[in-house]
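Chemist: Show me how the following folds:
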Amino acid sequence: MNRSNSYDNIEHEGTVQRSDSNLVIVSISSEAACSACHAKGACSLSGAKEKLIEIPGRYDLVPGDNVTVVMHRSAGFRAVLFAYVLPFILLIPALLTLSSLGISEPAAALGSVAVVSIYYLVLFFFRDRIANNFTFSIKTP
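Modeler: All right, here's what the predicted structure looks like:
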């Protein structure tokens, strides 16, 4: 992952796997540079050997072309919010509430995990709607 010239973008180098009139699929390989990146903990690409990114749009590319996939930094922060911050915000009050009701600690722990599980289930059902907020684009060298 690289910082772009503009602080507002996150960039990854990749190779075009497939390209048609409406969609480009780019393969991004994890590199050693990810270990030095300040955002590696928040990036779903770190630690992954290969990730396929679907980028809607019309691009004049052929399989094998090297490209740079660009995502707005704000979308990355939004992904961290949905994946990590909001579940934590749900987990702690649920655990404290269930414990204060006199429920045993194991039952309160299971109940709070159930609350977070329901949250992730709701995210799953709304994944297509949420995915519209996370857009990638391609910058060719």
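Chemist: going forward, measure contacts and count neighbours with C-alpha atoms only.
Modeler: OK.
Chemist: Report the residue ranges of every domain in the chain.
Modeler: Segmentation of the chain into domains, based on automatic domain parsing, reads 2-72+135-139, 76-128.
Chemist: so what does the helix or strand hosting residue 108 touch, helix or strand wise?
Modeler: Counting by DSSP states H and E, the element that carries residue 108 is helix 105-125. Under the contact criterion of 3 or more C-alpha pairs under 8 Å, 6 or more residues apart in numbering; DSSP states H and E, helix 105-125 touches helix 86-100.
Chemist: The helix it packs on vs helix 105-125, what angle?
Modeler: 150 degrees (axes from the mean of the first three to the mean of the last three C-alpha atoms, to 10 degrees).
Chemist: ok, residues contacting helix 86-100?
Modeler: For helix 86-100, the external contacting residues (C-alpha atoms under 8 Å, 6 or more residues apart in numbering) are 105, 108, 109, 111, 112, 113, 115, 116, 119.
Chemist: rerun that using 10 Å as the cut-off
Modeler: Helix 86-100 is contacted by residues 80-82, 85, 103-120 when judged by C-alpha atoms under 10 Å, 6 or more residues apart in numbering.
Chemist: Tell me the buried residues in the helix holding residue 108?
Modeler: Of the residues in helix 105-125, 108, 109, 111, 112, 113, 115, 116, 119 count as buried by neighbour count, 16 or more other C-alpha atoms under 10 Å.
Chemist: Please work out the average pLDDT along it.
Modeler: The average pLDDT within helix 105-125 is 96.
Chemist: Let me know the next secondary structure element after it.
Modeler: Following helix 105-125 toward the C-terminus (DSSP H and E): helix 127-131.
Chemist: what comes into contact with that next one?
Modeler: Here helix 127-131 makes contact (C-alpha under 10 Å, 6+ apart) with 79, 82, 121, 123, 124.
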